[in-house]
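S.K.: Give me the fold of what follows.
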Amino acid sequence: MKRIFIIMILCITGIGLINDIRAQGEAAVPFLILAPDSRAGGLGESGAGLADNSAAIFWNPGGIAFLTGSEVGFTHSNWLPMFNLDLFYDYATYRQYIEDISGSLTASVTYMHYGEFIRTGPDSPDPIGTFRSFDAAFTIGYATKLSSDWGLGFNFRVIHSRLADKPTAAEQGSGVATSVSFDIGTMWRPSKLDLPLIGDIGNNFSVGVNLSNIGPKIYYIDQAQADPIPTNFRLGIAARLFEDEYNSLTYTVDFSKLLVDKGEAFRGKIDTTETKKRKDFYETIFTAWFDQPFSEELRDIVTSMGLEYWYGSEAEGFKFALRAGFFYEDPSFGNRKFVTLGAGIRYDSYGFDFSYITTDVFKGAENHPLNNTLRFSLLIGWGSQPQTTPGFPRGL
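M.R.: Next comes the predicted model:
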């Protein structure tokens, strides 16, 4: 059993979500901060400032306040393909605008499957059975406009982690845990914004902020061994650089930071009984910005950006997109660097996107666990109000 959990830890670490390798597992259930959809995946995993389809449940629920109609979406990805493991990731979303409540209700399901493992006895390597491991989360939310330029969104989430159904050796409990969290996001998308030398960029510029996975620690054995969930701050900007009847070009950039207490071991202190306990989420939302020297705090911020080009006409009902992006994490804080590529089509109410991650462009990174990762997304939307002004699309 111990070997099984070591393999699982290596798989999760290979995802590259634990920003600082010096902190021995900053947060549990890291699947919660995986970029879930193909569109944002093709934009370097940036989306907090764009957030104009149902995947905004993850990127910034405040963006959904600017959408009308209904939409469902589904994303699938085989994870860490170079290892040939039975790991896959699924993400399903739904949003529904309801005029009577002046906003949209949303729901999503996130599922990370880690594969089948062989169970062995405490004193023998002989197999005595098998079990499957997974993480899952169910989210519901609400988004509404505070004014014509401001949107606000909230999510509530139930998290269930099932690493093993039985304890290891003489331990009590099992590898099963449940917790809850919530998100709050806001979007500023001005209808009119005059800039010197540029002119009015209204409806072509937005800024989004999302604070996600705010909630108590999760534990599998007992509360003394609880680990924080990955509370994450994300600031995003999106700008429509060019648009005419058939063409548009949009730039997105996100800055994100994990707001988790890294523990006293990270700060170089002796691990005593008093220092083992890590701060609760309501403290680390504030203190995680100052637990390192300022220069290191800046290096701990992840940067992602992308460009999206659309060709086609809303009136004719057919459009296609090309996307490219770049993801950067400081070498001392995770060292993830990769280029993303993507494409998408829209026909009437239907949309299809895919994205691709490559690390081959970086020397020595050809065998990175994320290399050659593909995501595929299907979207279906209906009932949206037509756009009356240029700018970001309303859904899909």
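S.K.: Run through the residues that contact the residue nearest to Ala343 when sequence neighbours are not counted.
M.R.: Excluding the flanking residues, the one nearest Ala343 by CB to CB, 6 or more residues apart in numbering is Leu322, at 5.6 Å. For every residue, glycine as well, the C-beta is placed using N, CA and C. By CB atoms under 8 Å, 6 or more residues apart in numbering, the contact set of Leu322 is 308-309, 342-343.
S.K.: if you go through the stretch 151-300 of the chain in chain order, where are the helices?
M.R.: 273-276, 281-287, 294-299 (DSSP state H, counting those that start in this stretch).
S.K.: winner for burial among the ones you listed?
M.R.: By mean neighbour count, with neighbours taken as mean count of other CB atoms under 10 Å, helix 281-287 ranks first of the helices of the stretch 151-300 of the chain at a mean of 14.
S.K.: bridging residues for the residue nearest to Ala343?
M.R.: Beta bridges link Leu322 to Tyr309, Ala343 when assigned by DSSP bridges.
S.K.: swap in Arg119?
M.R.: Bridge pairing for Arg119 - DSSP bridges - gives Gly129.
S.K.: Next one: it from Ser133, what distance?
M.R.: Distance of Arg119 to Ser133, computed by CB to CB, to the nearest Å: 11 Å.
S.K.: Specify which residue of the two has the higher count of neighbours.
M.R.: Taking other CB atoms under 10 Å, Arg119 and Ser133 do not tie; Ser133 has more neighbours (22 against 15).
S.K.: correct me, but that one touches Arg162?
M.R.: Yes. Using CB atoms under 8 Å, Ser133 is in contact with Arg162, at 6.2 Å.
S.K.: Could you tell me which residues touch both of those two?
M.R.: With CB under 8 Å, 6+ apart as the test, Ser133 and Arg162 both reach Gly175.
S.K.: Report the contact partners of His231.
M.R.: Check again: residue 231 is Thr, not His. 27, 181, 211-215, 258-260, 281, 284-285, 288.
S.K.: residues contacting the closest residue in space to it that isn't next to it in sequence?
M.R.: Closest residue to Thr231 apart from its sequence neighbours, by CB to CB, 6+ apart: Leu259 at 4.4 Å. Listed by CB under 8 Å, 6+ apart, the contact set of Leu259 reads 211, 231-233, 284-285, 288-289.
S.K.: one more time with 10 Å
M.R.: Applying CB atoms under 10 Å, 6 or more residues apart in numbering to Leu259 gives the contacts 27, 211-214, 228, 230-233, 281, 283-289.
S.K.: and stretch 310-322, which residues are buried?
M.R.: Across stretch 310-322, burial judged by 16 or more other CB atoms under 10 Å covers 310, 312, 319, 321.
S.K.: low-scoring stretches of this structure, by residue?
M.R.: 1-26, 120-124, 126, 129, 166-173, 262-277, 364-367, 385-396 (pLDDT under 70).
S.K.: how about 50 then?
M.R.: 1-25, 264-275, 388-390 (pLDDT under 50).
S.K.: In three-state terms, label the residue nearest to Asp86 when sequence neighbours are not counted for me.
M.R.: Closest residue in space to Asp86, ignoring its immediate chain neighbours: Gly115 at 3.6 Å, by CB to CB, 6+ apart. What DSSP: H, G, I helix; E, B strand; the rest coil gives for Gly115 is strand.
S.K.: Make sure Gly115 is actually in contact with Asn78.
M.R.: No. Using CB atoms under 10 Å, Gly115 is not in contact with Asn78; the gap is 11.3 Å.
S.K.: Quick check: neighbours shared by these two?
M.R.: With CB under 10 Å, 6+ apart, Gly115 and Asn78 have common neighbours 85-88.
S.K.: Look up phi and psi at the residue lying closest to Gln292 once chain neighbours are set aside.
M.R.: Nearest non-adjacent residue to Gln292, counting by CB to CB, 6+ apart: Asp300, 6.8 Å away. With angles defined as degrees, to the nearest 10, Asp300 sits at phi -80, psi 0.
S.K.: Stretch 197-214: which residues count as buried?
M.R.: Buried-residue list, stretch 197-214, by 16+ other CB under 10 Å: 201-214.
S.K.: Kindly report the same for stretch 350-367.
M.R.: 351, 353-359, 365.
S.K.: and if you look at stretch 211-228?
M.R.: Applying 16+ other CB under 10 Å to stretch 211-228 flags 211-215, 217-220, 226-228 as buried.
S.K.: Need the max-distance pair from those residues.
M.R.: Across the buried residues of stretch 211-228, the longest distance by CB to CB is 25.6 Å; it joins Leu211 and Tyr220.
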